[in-house]
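*Asks:* A structural model of the following input is requested.
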Amino acid sequence: MIKRMIIMLIVVGLVLGGIFGFISFKGRMIKEYMSSQGVPLQTVSTITANTLEWSPKLEAVGSLQAVQGANMSAEVAGIVEKIYFKQGDNVKVGTPLLQLRAYDEIAKLESLKASAQLARITYNRNQAQFSVNAISKQTLDIDKASLDVALANVGQQQALVNKKLILAPFTGRLGIRLVDVGQYLEAGTAISTLQALDTLFVDFFLPQQALESLKISQKVTLKTDAYPAQTFTGDITVINPKVDINTRNVQVRATLNNPDNKLLPGMYATVTIATGLAHRYITLPRTTITFNAFGSTIYRVDANGQDETGKPKLVAKQSFVTTGDTRGDQIAILTGVNEGETIVTTGQIKLRNGSPVIVDNSSQPSNDATPQPKDQ
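*Replies:* Residues are numbered from 1 along each chain as shown. Modelled structure (predicted):
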């Protein structure tokens, strides 16, 4: 029995030894094969680091609004009797826009004018009688008070009649007509919008840290996607004396001329404010930077000897960099890169420090300081 157990253990040991030996042999052969193949070449695109001029600036998104703009409406209710304006008209201050039906009010006004005229005649007659002591001073005072009340009633009714006619309060351009003849209007119902387009405000917000760089009359530059090839300029006219307690941003208002009426209230624009003299920085596309919790890195391409054909062997070397401001697709490099060095722009995810690379620049990432949206 013991002899059988010993034989069985020997057989099991031989089988296990063969299995583990085969696994070890297989691993060794795979390792030798991989070593013989070498590290595979990685295809990357590159760019030569150049120095460009940077102007320190602040950027924000602002909203345009007219210096004078309002929705035209009546102070009193009534039925639309006549519409004087056409949609889209340019009108001057005082131009009649709309007349509400006012027959009853005008009739009452004429009645009050007649009463005022009678009160004036009575007062003038009694004033002559008072001069010869025919009536008392009290009677004359009562007549004077009656005349004043009558004239006040006329003025009140005249104001009501005037409210039935809506006039343009300033010079500007009218918008879409919102009412029709015969329509009953409640007080405050808009009939159209009136916007003065020659001068516009642009309102925008900047962080409180920017207050030191802001001042009244400082120049601002505006761009809008409605006119991507055109730049508009204005001046800062108001810096709000209060910082928003929730966002810690300060509201700024600039004023700009709009003689061609290209810009319209309600549009948004990108506002740029130059805050100092220009500086020169090493500039790279933002795709060259790998941002990590432990720092920002780039891959530099260096020559490392030659291959069998005499061509230089290229390897990627990882370096830490200090980045600065960004503009469009570009980023300023403060330290870590020298002008003229070759930097990897795409393909970093498959690289390690010392990885052999081959350069293919047939496709490059965007490197525009002021990129514009493109139609698909």
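*Asks:* what's the first-to-last distance across stretch 218-226?
*Replies:* Using C-alpha to C-alpha, to the nearest Å, the end-to-end distance of stretch 218-226 comes to 25 Å.
*Asks:* what sits up against that stretch?
*Replies:* Residues outside stretch 218-226 that contact it (C-beta atoms under 8 Å, 6 or more residues apart in numbering) are 62, 202, 230-236, 254, 256, 262-263, 267-274, 372-373. All C-beta spots, glycine's among them, are computed from the backbone N, C-alpha and C.
*Asks:* can you check stretch 276-284 too?
*Replies:* In contact with stretch 276-284 (C-beta under 8 Å, 6+ apart) are residues 47, 49-56, 213, 298, 324, 330-334, 337-339, 343, 345.
*Asks:* Among those residues, name the buried ones.
*Replies:* Burial by neighbour count, judged by 16 or more other C-beta atoms under 10 Å, picks out Ile47, Ala49, Trp54, Ile298, Gln330, Ile331, Ala332, Ile333, Val337, Ile343, Thr345 from the contacts of stretch 276-284.
*Asks:* The fourth one pairs with what?
*Replies:* Taking DSSP bridges, one obtains Ser319 as the residues bridged to Ile298.
*Asks:* quick one, what contacts it?
*Replies:* Leu284, Thr288, Ile289, Thr290, Gln318, Ser319, Val321, Gly336, Val337, Ile343, Val344.
*Asks:* Now intersect those residues with the strands, please.
*Replies:* Leu284, Thr290, Gln318, Ser319, Val321, Ile343, Val344 (DSSP state E).
*Asks:* could the residues you listed go into JSON lines alongside distance to Gly94 and pLDDT?
*Replies:* Converted to JSON lines, the ones in strands among the contacts of Ile298 look like this (distance: C-beta to C-beta, whole Å; pLDDT from 0 to 100):
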{"residue": "Leu284", "distance to Gly94": "60", "pLDDT": "93"}
{"residue": "Thr290", "distance to Gly94": "66", "pLDDT": "91"}
{"residue": "Gln318", "distance to Gly94": "73", "pLDDT": "92"}
{"residue": "Ser319", "distance to Gly94": "71", "pLDDT": "92"}
{"residue": "Val321", "distance to Gly94": "65", "pLDDT": "94"}
{"residue": "Ile343", "distance to Gly94": "66", "pLDDT": "93"}
{"residue": "Val344", "distance to Gly94": "69", "pLDDT": "94"}
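*Asks:* which of those are buried?
*Replies:* Leu284, Thr290, Gln318, Val321, Ile343, Val344.
*Asks:* Can you give me every residue that contacts the residue lying closest to the third one once chain neighbours are set aside?
*Replies:* Read it as Gln318. Excluding the flanking residues, the one nearest Gln318 by C-beta to C-beta, 6 or more residues apart in numbering is Asn353, at 4.4 Å. Shown in contact with Asn353 (C-beta under 8 Å, 6+ apart): Ala316, Lys317, Gln318.
*Asks:* Next: Thr189.
*Replies:* Ser73, Ala74, Leu178, Val179.
*Asks:* Can you report phi and psi for it?
*Replies:* phi -70, psi 130 (degrees, to the nearest 10).
*Asks:* what about it, distance to Gly172?
*Replies:* Using C-beta to C-beta, to the nearest Å, one gets 20 Å for the distance from Thr189 to Gly172.
*Asks:* which stretches of the stretch 151-300 of the chain form strands?
*Replies:* Using DSSP state E, counting those that start in this stretch, the strands of the stretch 151-300 of the chain run over 165-167, 172-174, 184-185, 190-207, 219-223, 232-243, 249-257, 268-274, 279-285, 290-292, 295-306.
*Asks:* wait, which of these is closest to Glu105?
*Replies:* strand 165-167 (11.0 Å; C-beta to C-beta).
*Asks:* secondary structure element for the residue most central in space within the chain?
*Replies:* In the chain, the C-alpha nearest the mean C-alpha coordinate belongs to Val61, at 2.6 Å (C-alpha atoms, centre = their mean). In the assignment (DSSP states H and E), Val61 maps to strand 57-73.
*Asks:* Could you tell me the angle between that strand and strand 268-274?
*Replies:* For strand 57-73 against strand 268-274, the angle by axes from the mean of the first three to the mean of the last three C-alpha atoms, to 10 degrees is 140 degrees.
*Asks:* can you list contacts of the next helix-or-strand element following strand 57-73?
*Replies:* Sequence-wise, the next helix or strand downstream of strand 57-73 (DSSP H and E) is strand 78-83. By C-beta under 8 Å, 6+ apart, the surrounding residues in contact with strand 78-83 are 97-102, 164, 177, 179-185.
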